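Colleague: Give me a 3D structure for the following:
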Amino acid sequence: MRMICSKCGAEIESSELCRFCGHSTAADLQYYPTPPGYTKPCVAELQRLAARLGNVIDVGCGKLEFAAPWEELTDTRIWKIDLVKRFEHPDPLFMLADWLQFNPSVRYDVIMMNPPYVKATEFILKGRSLLADDGVLGAFLSQAYLSGVKRFDELWLPWKPASVLVFNRRIYFNGGCDKHGRIFATWLKTPSNVTDLKFINVEI
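Modeller: Below you'll find the model as predicted:
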């Protein structure tokens, strides 16, 4: 399995240490897949808000938990990017790359992601810089991410979300239960004046 070292950017075979810089890749290899019952309402919300469906990208695409329902519902193919390629079939729209170092020439109409918790704000603000003028971004986050002075100052207050989906069920990751539950927040490139709060009953 090939991957990108998030420290030096080298492409390597997946291992616990990068053979070029010695960086521990354990965090890069962590994988918390989003169950289908959660991704489908997220995809539907992004489609509702999107002005166009031309350039769409799934960030940290994993095993295509977001990309697959998007492509199924829209009958279109989308770009995918991740540090690790976790699915087996070839996909010409998959990019093995570090999102935080990614500098494409295009701007995206829709960006969707389930970012790592400790870098979520970085991932989201990077996405904002790559949105088209009328683009929309959606991020699957822990409910705990709603609190915190730094996050309020850097994200929630200056860039108010268009909507926040709150899910009724917690997720079980690797045999353990997510303590805080999950939300899906969406942002338009231009900050919203009003945030729609929606409660989602997840069907399992």
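Colleague: mind checking how far R128 is from V136?
Modeller: The spacing between R128 and V136, counted by CB to CB, to the nearest Å, is 11 Å. (C-beta placed from N, C-alpha, C; glycine too.)
Colleague: okay, and the common contacts of these two?
Modeller: Shared contacts of R128 and V136 (CB atoms under 8 Å, 6 or more residues apart in numbering): 187, 189.
Colleague: Those two: who's more crowded?
Modeller: In terms of neighbours (other CB atoms under 10 Å), V136 is the more surrounded of R128 and V136; the figures are 26 against 16.
Colleague: Quick one: residues contacting that one.
Modeller: With contact taken as CB under 8 Å, 6+ apart, V136 is in contact with 46, 49-51, 109-111, 162, 186-189.
Colleague: what's the most distant pair in the residues you listed?
Modeller: Using CB to CB, the two most remote members of the contacts of V136 are D109 and A162, lying 14.4 Å apart.
Colleague: Show me which positions of stretch 74-94 end up buried.
Modeller: For stretch 74-94, burial by neighbour count (16 or more other CB atoms under 10 Å) applies to 78-86, 94.
Colleague: what about the closest residue to L131 other than its chain neighbours, how many residues close to it?
Modeller: Leaving out its chain neighbours, the residue that sits closest to L131 by CB to CB, 6 or more residues apart in numbering is K189, at 4.5 Å. When neighbours are counted by other CB under 10 Å, K189 registers 16.
Colleague: Next: G138.
Modeller: With other CB under 10 Å as criterion, G138 counts 27.
Colleague: Likewise for A132?
Modeller: Residues lying near A132 (other CB under 10 Å) number 18.
Colleague: Could you do T186 as well?
Modeller: Neighbours of T186 using other CB under 10 Å come to 24.
Colleague: Look up the residues forming beta bridges with it.
Modeller: Counting by DSSP bridges, T186 is bridged to G138, S163.
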